[in-house]
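Trainee: Structure for the following, please:
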Amino acid sequence: MDNVTEKAIPQAGGRKRLSPRYLAVGKVVRAHGLQGELSVSVLTEFPERFETTEWVYLGDQFEAVPFKVEGYRWHKQHILLTLEGVTSRAQAEQFRGQYVQVPIEEAMPLPEGTQYLYQLMGLAVVTADAQMLGTVVDIIETAANDVLVVHNGERELLLPDIPDVVKTVDLEQGQIVVTLLDGLI
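Mentor: Predicted coordinates:
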């Protein structure tokens, strides 16, 4: 199953199947220079989105403040973002560690068979023979692959998001069909 790494910032309330309000496309690493530029670590597989993004929202999952984008440019592995009203290093430093977000409605269209990670949250997980395993309550991102955290009220199951395990994702039916490899349960 292919998933895209733009990060969804969930709404307060945790693990319920709620559509997030924002997608994080970057994270402020530090201020750059004296004129208020933000050095942003890119969290999106679509960095070209910065060419057309007019507004971003800085903050966390509980509160985000809108800023008009005045410009951006690449600097080494980061994007330097210039925002309206942020004109000094001191102002820029206030945003260190905050997510640079766009509204969920501005999510980039994905190819068939690909989902944003947030779309997997709350989906039922069943085996090919219709055995209910639980619900996706979290996703752990690792260097090798994502891991679906599935909970059934009694126990937690960690399922690697690899083709040998995850067979289909059906967002309309609200379920993920998996094959359990030896040792997973």
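
Trainee: which residue ranges form the helices in the protein?
Mentor: 89-93 (DSSP state H).

Trainee: Isn't Thr135 up against His151?
Mentor: Yes. Counting by Cβ atoms under 8 Å, His151 is a contact partner of Thr135 at 6.1 Å. For glycine as for every other residue, the C-beta is placed from the backbone atoms N, C-alpha and C.

Trainee: Looking at the two, which is more packed in?
Mentor: Between Thr135 and His151, counted using other Cβ atoms under 10 Å, Thr135 has the larger neighbour count: 21 against 16.

Trainee: Please report how far the more buried one lies from Val150.
Mentor: Distance of Thr135 to Val150, computed by Cβ to Cβ, to the nearest Å: 7 Å.

Trainee: which residues do the two both contact?
Mentor: With contacts defined as Cβ atoms under 8 Å, 6 or more residues apart in numbering, the residues shared by Thr135 and Val150 are Val125.

Trainee: Are there residues contacting both of Thr135 and His151? Which ones?
Mentor: If you check Thr135 and His151 against Cβ under 8 Å, 6+ apart, no residue is contacted by both.

Trainee: the domain parsing of this protein - what is it?
Mentor: What automatic domain parsing lists as the domains of the chain is 2-114, 122-178.

Trainee: Looking at these, spot the one closest to Ile185.
Mentor: Among the domains of the chain, domain 122-178 comes nearest to Ile185, with 6.8 Å by Cβ to Cβ.

Trainee: who's in contact with Ala124?
Mentor: With the criterion set at Cβ under 8 Å, 6+ apart, Ala124 makes contact with Met132, Gly134, Thr135, Gly174, Gln175, Ile176.
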